[in-house]
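Novice: Pasting the sequence and the predicted model now:
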Amino acid sequence: MAKTKRQKRTATKAQIKKERSSKKLKKVLRQKGYKKGKLPKGKVPHHVKSVADKGKTTKKNVRIITKRKHKRIHKNRRKRGKI
C-alpha cells in the first residue's frame, strides 16, 4: 500500500486565535485544579490534538507538562513529519 499524505490543516487563523486565547486557557487550568488559572514555574500547556488540526482548548485535550518534555514532543513530531 502507498503511504497516504497528511491532510492540510483545516483550522482558520480566527479559529486558532480563539482556541489559544488566555481567557479560555485560564478556564481550563481552573478546571484542572490550578488556582487563579496560573501554572507553576517550568510547566506549560500542551494540546494533544493540535489547535491547527481543529483541536479544542478543553480539559480533555490540554495536558500540563514540563517545558523540557514539551520541547521533546514537538522535536519528535517534526522528525516524523507531523508538523
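Specialist: Thanks, I have the structure now.

Novice: Make sure I64 is actually in contact with V28.
Specialist: No - using C-beta atoms under 8 Å as the test, I64 is too far from V28 to be in contact (9.5 Å). C-beta: built from backbone N, CA, C; applies to glycine.

Novice: Could you pull out the strands in this structure for me?
Specialist: Using DSSP state E, the strands of the chain run over 43-47, 62-66.

Novice: shared neighbours of I64 and V28, anything?
Specialist: Residues touching both I64 and V28 (C-beta atoms under 8 Å, 6 or more residues apart in numbering) are P45.

Novice: Of those two, which one has the most company?
Specialist: V28 (19 against 16; other C-beta atoms under 10 Å).

Novice: residues in contact with that one?
Specialist: Here V28 is in contact with P45, T57, T58, K59, V62 (C-beta under 8 Å, 6+ apart).

Novice: before we move on, what about G37?
Specialist: So G37 contacts L25, K26, K27, L29, R30 (C-beta under 8 Å, 6+ apart).

Novice: Against G42, how distant is K59?
Specialist: 21 Å (C-beta to C-beta, to the nearest Å).

Novice: One more: Q31?
Specialist: 21 Å.

Novice: One more: K69?
Specialist: The value you get for K69 to G42, if C-beta to C-beta is used, is 10 Å.

Novice: Over to R72?
Specialist: Distance check for R72 against G42: by C-beta to C-beta, it reads 14 Å.

Novice: Looking at those two, which is more packed in?
Specialist: Taking neighbours as other C-beta under 10 Å, R72 and G42 compare with R72 leading, 12 against 9.
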